[in-house]
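[1] Sequence and predicted model, in that order:
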Amino acid sequence: MTALRTARLALGAAGLALAAVATGAHAQEAFTPAAKGTWQVNLRATSVSPDAGDPIVTAAGAASGLKADVEDDVMPTLGVSYFLTDKLAVEVIAGTTQHTVKAVGPGTDVVVHKTWVLPPVVSAQYHFAPKARFNPYVGAGLNYMIFYSGKDRNGFTVDLDDGFGYALQAGADIAVKGPYVVNVDVKKVWFETDAKINGGALKSKVNLDPMVVSVGVGRRF
């Protein structure tokens, strides 16, 4: 089963869970609203879907006819938010995913590298309805992509540069009961890395630009 299919199944299950939460909300159990000084910890299932497809060129810049492709992955992640005011919060997310890097083109579809990626994101959020059961928010922030434990494949060597990117975010907390919430979060991250293949004989500026979709549960403290 591909990571993308897994992500779709996970998000479908999340949709059913949210429908159940919305139905259960009519019971009007007491819940803990967000407020200044509140900490919220979210444990999420996260799908990371890079939007790569950039051309691979020679060291002299000539077209090779190949493109860099980076596959999706789904992993658990942790998010921690602190409310500076009732509506303004700062969030830090941490998690790691593994991605397969391929060179694709006419008659070519070959794995050249597998790497783990640690992409911490720090964002500032605005929450529209902190006292309500359904509390949507938007945010913006910075991330830093760290590539580690890479393994080359099929006779290729690949070097990827770490670096900074930026992100936009939208999501919602749906209070369930007491301090517990269901969290849905979508981030679009913009990040470009320089990839050197076989010591620079081939190279590519890879715009990863992943869509990061998360669903999970949280607790307020």
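    Happy to help now that I have it.

[2] Can you classify the spatially most central residue of the chain by secondary structure?
    By C-alpha atoms, centre = their mean, the chain has its centre lying nearest to Val212, at 3.0 Å. What DSSP: H, G, I helix; E, B strand; the rest coil gives for Val212 is strand.

[3] Which strand or helix spans the closest residue to it other than its chain neighbours?
    Nearest residue to Val212, sequence neighbours excluded (C-beta to C-beta, 6 or more residues apart in numbering): Lys187, at 4.2 Å. Backbone N, C-alpha and C define where each C-beta goes, glycine included. Secondary structure assignment for Lys187, by DSSP states H and E: strand 180-190.

[4] Tell me the gap between stretch 193-203 and the middle of its chain.
    Between the centre of stretch 193-203 and the centre of its chain there are 25 Å (C-alpha atoms, centre = their mean, to the nearest Å).

[5] Alpha carbons only: can I get that stretch in CSV?
    The C-alpha atoms that make up stretch 193-203 are tabulated as CSV, following Å, rounded to 0.1, in the frame of the first residue of the first chain:
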residue,chain,number,x,y,z
THR,A,193,17.1,22.0,-1.7
ASP,A,194,20.2,21.6,-3.9
ALA,A,195,20.7,18.0,-4.8
LYS,A,196,24.1,16.8,-6.1
ILE,A,197,24.1,13.4,-7.8
ASN,A,198,27.3,11.4,-8.3
GLY,A,199,29.5,14.1,-6.9
GLY,A,200,27.9,16.9,-8.9
ALA,A,201,28.0,15.2,-12.3
LEU,A,202,24.2,15.6,-12.2
LYS,A,203,22.3,18.2,-10.1
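
[6] can you pull the contacts of the residue nearest to Val212?
    Val121, Ser123, Ala167, Leu168, Gln169, Met211, Val212, Ser214 (C-beta atoms under 8 Å, 6 or more residues apart in numbering).

[7] Quick check: the farthest pair among these?
    Pairwise distances across the contacts of Lys187 peak at 15.4 Å for Ser123 and Met211 (criterion: C-beta to C-beta).

[8] Tell me which of those two has more neighbours.
    The neighbour comparison of Ser123 against Met211 (other C-beta atoms under 10 Å) goes to Ser123, with 23 against 15.

[9] Find the nearest non-adjacent residue to the more buried one, please.
    In space, Ser123 is closest to Gly141, 2.8 Å off (C-beta to C-beta, 6+ apart).

[10] repeat for Lys188
    Distance criterion C-beta to C-beta, 6+ apart; nearest residue to Lys188, sequence neighbours excluded, is Leu168 at 5.2 Å.

[11] Helix or strand with the lowest mean pLDDT in this protein?
    When each helix and strand of the chain is scored by mean pLDDT, DSSP states H and E, helix 3-24 comes last, with a mean of 52.

[12] The longest strand seen in the chain to strand 180-190, inter-axis angle?
    Criterion DSSP state E: the longest strand present in the chain is strand 134-152. Put simply, strand 134-152 runs at 50 degrees to strand 180-190, going by axes from the mean of the first three to the mean of the last three C-alpha atoms, to 10 degrees.

[13] So for strand 134-152, what gets flagged as buried?
    Residues of strand 134-152 classed as buried by neighbour count (16 or more other C-beta atoms under 10 Å): Asn135, Tyr137, Gly139, Gly141, Asn143, Met145, Phe147, Gly150, Asp152.
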